[in-house]
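S.K.: Got a sequence here, can you model it:
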Amino acid sequence: MVTATDDNFARRKHDLLQAMLAVNDLFYLASPHIKNLFIEDATRWFDENNILYTPKVKFSGISGFDYVFDFAIPKSGRLQKPERIIKAMANPSVDSAKSLILGWLETQPVRPADSEAMALLNDNERVSDTVVEALNNHKITPLYWTKREDYKELLAA
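M.R.: Numbering: from 1, shown residues only. Model prediction:
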């Protein structure tokens, strides 16, 4: 709210609109947008390192519900590596881990038997041990973004 007189109405209105636009710009950094930025960073890194992948893959689970994963790396006969299904977690949390675990449990039976699930964790902030433990308990490999250079061979197709 601003208070204006006839003399400064235009200026006060302009200031108020500028403030509203600045607040709107903060909305851009809300969770869905940050998630997209993290996926864009991951995609760029995959591309720069010649990691073959299919983006935004959707699989139907045994319940008939569809689950979307951010990347699928195909099976490699040459390197003897299985299909790898990856979910990027911009903000790894218990809820995002539960969602990935459910998606993997639902889709694993309809994927090749040796398929592997992985979680690309944005660990610029601390990742909860509970999240990592839950992923490990379901044989979902956590991949830490800050250690991504260590995973090039693992992700090669």
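
S.K.: dump the residue contacts of Arg84.
M.R.: Residues near Arg84 by C-beta atoms under 8 Å, 6 or more residues apart in numbering: Ala72, Ile73, Ser115, Glu116, Ala117, Met118, Leu155. The way it works is simple: take the backbone N, C-alpha and C, and place the C-beta from them, glycine included.

S.K.: 7 Å instead, please
M.R.: Ile73, Glu116, Met118, Leu155 (C-beta atoms under 7 Å, 6 or more residues apart in numbering).

S.K.: what's the closest of the residues you listed to Ser96?
M.R.: Lowest distance from Ser96 to the contacts of Arg84 (C-beta to C-beta) belongs to Met118, with 13.8 Å.

S.K.: Compute the number of surrounding residues for the closest residue to Ile51 other than its chain neighbours.
M.R.: Of all residues not flanking Ile51 in the chain, Leu155 sits nearest, at 4.9 Å (C-beta to C-beta, 6 or more residues apart in numbering). Leu155: 21 surrounding residues under other C-beta atoms under 10 Å.

S.K.: quick one: contacts for the closest residue to Asp70 other than its chain neighbours?
M.R.: Excluding its sequence neighbours, the residue lying closest to Asp70 (C-beta to C-beta, 6+ apart) is Ala88, at 4.4 Å. By C-beta under 7 Å, 6+ apart, the residues touching Ala88 are Phe38, Ile39, Ala42, Asp70, Leu120.

S.K.: Neighbour-wise, give me the winner out of those residues.
M.R.: Leu120 (27 neighbours).

S.K.: quick one, phi/psi of the residue lying closest to it once chain neighbours are set aside?
M.R.: Nearest residue to Leu120, sequence neighbours excluded (C-beta to C-beta, 6+ apart): Ala88, at 4.5 Å. With angles defined as degrees, to the nearest 10, Ala88 sits at phi -90, psi 130.
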